[in-house]
Each structure stands twice: as structure tokens, then as C-alpha cells.
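**Student:** Here is the input, now give the coordinates:
(chains A and B)
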Amino acid sequence: MKNDNKYTEPFVRISKRGVPIPIWKAMGIRALALLAALIICAIIIFSIVKLNPLKVYIAMFEGAFSTNKRMWVTIRDAMMLLCIAVGLAPAFKMRFWNIGAEGQILMGGIVSAACMIYLSKHMTTLPMMLLMLVLSILAGGIWGFIPGIFKAKWGTNETLFTLMMNYIAIQITAYFVALWENPIGSNTVGVINPRTKIGWFPELFGQPYTLNVILVLVLVVFMYLYLRYTKQGYEVAVVGESENTARYAAIDVPKVIMRTTFISGAICGIAGFLAVSGASHTISTNTAGGRGFTAIIVAWLAQFNSFVMIPISALLVFLDKGAIEIASRYNLNNHVSNMLIGIILFFILGSEFFINYQVKFRGSKHQVEFQDGKHKEVQA
Amino acid sequence: MTQLISLLQAGIMFGTVILYGSTGETLTEKSGNLNLGVPGIMYLGGIVGLIGVFFYEMNNPEPNKFVCILIAMVSAFVAAMLGGLIYSVLTVTLRTNQNVTGLTLTIFAGGFANFFGGTLNRLAGGVGQISVSTTSAAFRASLPFAQDLPPLLSMLFGFGFMVYLAIGVALLVNWFINRTSIGLNLRAVGENPGTADAAGIKVTLYKYLATCIGAGISGLGGLFYVMDYTKGTWDADGGIERLGWIAVALVIFSSWNSKRGILGAYLFGLLYWLFFYIPNLTRRSIELFKMLPYLVTIIVLILVALRRRRESQPPGSLGLPYFREDR
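**Tutor:** Numbering: from 1, shown residues only, chains lettered A, B, ... in the order given. As a prediction, this is how the structure comes out:
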């Protein structure tokens, strides 16, 4: 065996930051990561379409905001993503890996569509909206609650449980799509109540999506207050940090898990209601469209702060819309947007490391000293 | 009888895709890394294998079968390993959250694969879909002696070579993890990296290698899907992703034992295709029948949790980051 007697300092050393980094520095690191990601994306776009990347980014901007209608669609989709992320926040804060948002959205969507189809002759829009809201909360909530019970009682792996619940929900949706298909043979449900518009979100202030924005922003505020200022929110945080501590503090851990998974699923169910009644006015197996997964990353990057989720979901939806615009202009396919979003997320995720840890190279002599009642970084 | 044989055939084909995925993921998870990027890694393996032979077939009017197979397998394995490398750099070195990183990898690779799968042919100046008929035929060629056997046996030996390779790899990985000293070290890293580190095992190196090689194996599942299952074309319907998630479930189903995973994989395959062979189903009830594999997975998850057998538990540090200074 090789035996080095001489002690050498390792080339790089990594340590947790003793002093938390100032906020402007942390934001700077994130901005740098975003910039680096955009440069990499620009290189990739350039090598595919051979066009000036700056022009491509301008095209992306136009794709998302150039007309009033486009801007509102962008806002609507950002609200949808935000709603799901808000729903996932309590579950993830509890370290319950709810990757079943897709299924919870679909269940909420199915009951909303069912109301619109079966009750359109018996109800007017306002009572139906309330009914759809309640039913979608229940449907999504139950879909989240089922894995919650098994996790709470027997410690079943929730990651895969919630994932499998997605596929079951997809199959249930496929069943109802076949049941409700219109016109027959098209294998789609088509726009529901196109003439009467019963069950559609009404226009407020001249915009069709104002209600989406209001509803989601209410949820954002609710979740912020719930997680930060209520006893239940505190219990969620303790269970997430350590189940043993929670038990020691006499918190009923199974109850917290079940309650939180219900809330999480319920808000995702509302997202399904938004998608069906407030956006597409139809249902398909693509109603959730992978947003349940993207929203996880939104919630995580925001560290469960629902206000921070607003710019993050706006950024992701902007990228998505922009990439779709490029794809249609240059005759590429839409999947390019997921590729670019993936690259950007890699960089943002990686940048957290430089915020939480310090990297010291061999020979540098950074030290932390205690001065004037504060930890300070000193260059000796 | 012919119905039963064709069901068995469909089940084995399906099972082979997820067997590669779950064998690779078993190896990865034994190091304590829960890689939810398996669907993405299978996407990478599938598309890059396809791209590799696409260019080879395009530039050679008479492609050599063996070169085709070699190019496809090497490029699929290397691309999938690169996917694993991205994951390892982020989770092991930069200590990002494993679940979030894995999901991001799946989003990225799904976009990458479907983008190139859909547009590669046009980018290269052709029309229509990619198709690599020669390579696909080489992958699907049955073993030379298969035709001379009686019907049932000739079915069992009539698949392309990758079906048998999958069984071999699963057995090899199982032997490696449980019967070699390096495998023992790997298990130690997955159970308790702190102890393993104290015993002088290079935790970071093991995590990197297990994740990258595991990813390479999973990537072969994507290649098999493209070459055998969809016969050398690209299908952007998300099939690989769905199968990738089932592969992740299969790891738990087989309780981190790739030998048990072989039968589990075929069982999943049979359940998945069962609806096709049950007479008088309407289109609606078919959709309900397709839930079966997912329902069974859930039941298995619950049973595994209920029984709490020592040997069917996940590696102790699964999903947790390791940082020496945190101890």
C-alpha cells in the first residue's frame, strides 16, 4: 500500500458557513447562476437554430407578453403553477414527498367537469362554482389523504405511493374522457357548455382570468400565514425537522401527517378546478401536464415561502411560453422548453451550495473571528 | 394457448425494459442515493443510442450489424452515465436535495430526448420520423438455434439478445452487491456513510461510481425500449417515462434485490398487458383495467411496510446527504 507520511492539506476544503451569508450576496449568487444557465441555453439554442441568441430571447419575450391575450394566458398559467406549489408547500415542509400533485389535480378536475356536465341544467354559475370548489377540495384532499394515512399508520413509502396514485388518477380520467367524449369517436371531451358558459369562471373587470388571480393570491396569503403564524403550521415544521422531537413535544405525529396531506391534496384539487373551470373548460389526461412535478421545484426553491414562489413560477412559465414561441417560429417541437428549464434548474439548485457552504482552496487563509459581538470573515 | 403465449411474450418484453431500469437503480440506491431521475436516464439512453446509430446508418449505405449494436450500446451507456454524473455532482458534491435533483433530471432529459427524437431527422435534412431499421432488426434478431426448438421453448429463446442480457446483468449485480468485498463496502456506504468513512472507505467515490454505473445500466432499458419495443423509431408519447417510474417502484417491490426483480419485472409486464387478452372489454373498462399494475404496486408497498422484515428494508441512509463535518 502507498503510504504518504507527509501531511498535505487537501486541495479544496468545504465547510458550512459559520456566518450566514448576507441576503444581497445570496441573491447575487442566484443571479449569477441564472445568468450562467441562460448563457448555456443560448449556446444550445444557437447551435440548433443558428440565430443570434439575443434575438431568440427577444422572441421568447414576445411569445409570453406581446399581446394582451398572451400576457393573460401567461399570467393564468403562472397562477396555476403557483397554486400547485402553494399546495405542495406544507407537505414538503413536513418532509412528506408528495409527488402526487398530478393525480390530485386530475381528481379535482374530474369532479369540476362532472358538475359542469351533469348539473348545467339545474344550477346557475354561482352556486355551481361553490359546489365545484367544495367538491374539488374534497376530491384532491382525499387523493392526498390516502397515502397520508398509510404513511402515518404504517410508514409506507410516500414517494412511490403518491406517484402510483397519479397513474390511477390518469386512468380514471381516461375512463371519464371515454364516457363523456364529445363528439363521439374523438376521444376528447371537447369544450363543456360552450354556449351557456355555465360553470365557467365569469369575467371580472373585463378579463376572463381575474378570478384565477384573486383565488390563487388568497391561497398564497393563507398558506404564508398558516405555515408561519399558526399552531398547526408550527407542528408541520417540527414534524419536518424531526419526528422524534415532535413526539417528545407531545405532537400527535400521525394526526399532523394526515391533516397536512389532506390540506396539500385539497389545494392541488383546487388547482384542478382552476384548470378545468377557469382555464381550459375541458378535461383530458393532460390537464395536469407535468405541472405537478415542476411545482415541487418551485416550492423547494422558495423554501416553502409562498410569496417567493410568485417570481419563481412566473419565471418558469415565462421560459415555457418563450420556448414554445421559439419552437413554433423555427419549426422545432415544444419539448425544447423542458430541456431549457431543466438546465436552468440544475444551475439554481447547484448555486444553493455556494450560499450554504464555503469553499477554501489550499493555501488561502480565510478565518472567522469574533469581533465586536459579531462573527466576521477575516483575511489574514 | 397462442393467446397465452403472446401475453407471456408481451409481458417479458415489457418486463425487460423495467428490469434494466430497476437493476441500475438498485445499484444506485445501495450507495444511499435515491435517484428519481431514472425515467430521465432511460430517456437519455434511448435517445442517444438512437442518435448514434442514426448517424452511422445515414453515413453508411451498408451498415454492419455488429457495429450498429456496439455504437448503440456504448452511446446509450455513456449518455446515461453522464446523466448519472450530473446527478452525482449535484447531490454528492454540491449536496442538493436528492428528490428535487432527480425530478429535475427527469424534466431535463425528457425534454432533451423528445426534442431530438422529434426533430433530429429534420435537423439532419430528412423528412418524417427517425427510423433505424437495420439496427433495430439486429437487436431483435432471435438466437440462431431458436427456430429448431418446440413452440414454447422457441418463444422463450426467440427474443433479441438484450432480454437475456437483462437477466444476466440483474444476476451479476445481485452477486456483486451480496458476494464481493467491494459490494460489502458499497452496502456499508448506503447503510451508514459515517461508519464507512471511519473504516476508510472512500464514500464519495463509491457514491459516484454506483450512481454512474447504475445509471448506465438503467439507460440500457431506454435503449431496449427504443430498439426492441418501438422497433427503432421514436415515440414521443411519454412511454419511457411511465416505464421509468414503474422501474423505480420495482426496486421497492423487489426489496432492493435485483434477483427478485427479474420475476417482479415479468409479473408487472403480465399485469400491464392483461387487459389486451381479456375478451369483451369496452374501451372504458380497458382504461380501468390499466390501473392494475399501479394498484398492485401500492399493495406491495403497503405489504412491505407492514411486514417490516429486516432484509426487505431500504438502505439505512437512503435519500440522505452525507457531509463529513455534520457528524
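**Student:** Residue A:328 in helix, strand or coil?
**Tutor:** Under the three-state scheme (DSSP: H, G, I helix; E, B strand; the rest coil), the conformation of residue A:328 reads as helix.
**Student:** What count of nearby residues applies to it?
**Tutor:** 12 (other CB atoms under 10 Å in any protein chain shown). For the C-beta atoms, the positions are set from N, CA and C on the backbone; glycine is no exception.
**Student:** With residue B:179 instead?
**Tutor:** Residue crowding around residue B:179 was assessed by other CB under 10 Å; the count is 9.
**Student:** Please apply the same query to residue A:225.
**Tutor:** Using other CB under 10 Å as the criterion, the residues surrounding residue A:225 number 12.
**Student:** what do you get for residue B:218?
**Tutor:** By other CB under 10 Å, the residues close to residue B:218 number 36.
**Student:** before we move on, what about residue B:97?
**Tutor:** The tally of other residues near residue B:97 (other CB under 10 Å) stands at 19.
**Student:** ok, it touching residue A:299?
**Tutor:** No: assessed by CB atoms under 8 Å, residue B:97 is found out of contact with residue A:299, at 11.4 Å.
**Student:** mind listing the strands for the stretch 251-380 of chain A?
**Tutor:** Using DSSP state E, counting those that start in this stretch, the strands of the stretch 251-380 of chain A run over residues A:357-361, A:366-371, A:374-379.
**Student:** Just list the residues touching residue 204, thanks.
**Tutor:** Went with chain A since none was named. Shown in contact with residue A:204 (CB atoms under 8 Å, 6 or more residues apart in numbering or on different chains): A:210-211, A:214.
**Student:** wait, I meant chain B there
**Tutor:** The contact partners of residue B:204, by CB under 8 Å, 6+ apart, come to B:92-93.
**Student:** With residue B:167 instead?
**Tutor:** Shown here is residue B:167, whose contacts under the criterion CB under 8 Å, 6+ apart are B:19, B:262.
**Student:** Tell me the buried residues in the helix or strand hosting it?
**Tutor:** Element membership of residue B:167 [criterion: DSSP states H and E] is helix B:161-179. Judged by neighbour count using 16 or more other CB atoms under 10 Å in any protein chain shown, the buried positions of helix B:161-179 are B:161-163, B:165-167, B:169-170, B:173-174, B:176-177.
**Student:** swap in stretch B:270-281?
**Tutor:** Of all the residues in stretch B:270-281, those buried under the rule 16+ other CB under 10 Å are B:270-275.
**Student:** Next: stretch B:290-298.
**Tutor:** Residues of stretch B:290-298 classed as buried under the neighbour-count rule (16+ other CB under 10 Å) are B:290-294, B:296-298.
**Student:** Those residues: which ones sit near chain A?
**Tutor:** Filtering the buried residues of stretch B:290-298 for proximity to chain A (criterion: CB under 8 Å from any CB of the partner chain) leaves B:290-291, B:294, B:297-298.
**Student:** Now, the residues you listed that are in helices?
**Tutor:** Within these, residues falling in helices by DSSP state H are B:294, B:297-298.
**Student:** Check what pLDDT the closest residue to chain B within chain A gets.
**Tutor:** Using CB to the nearest CB, the point where chain A gets nearest to chain B is residue A:342, with a distance of 2.3 Å. Reported pLDDT at residue A:342 in the predicted model: 89.
**Student:** now residue B:166
**Tutor:** Here the pLDDT value assigned to residue B:166 is 91.
**Student:** swap in residue A:130?
**Tutor:** On pLDDT, residue A:130 comes in at 87.
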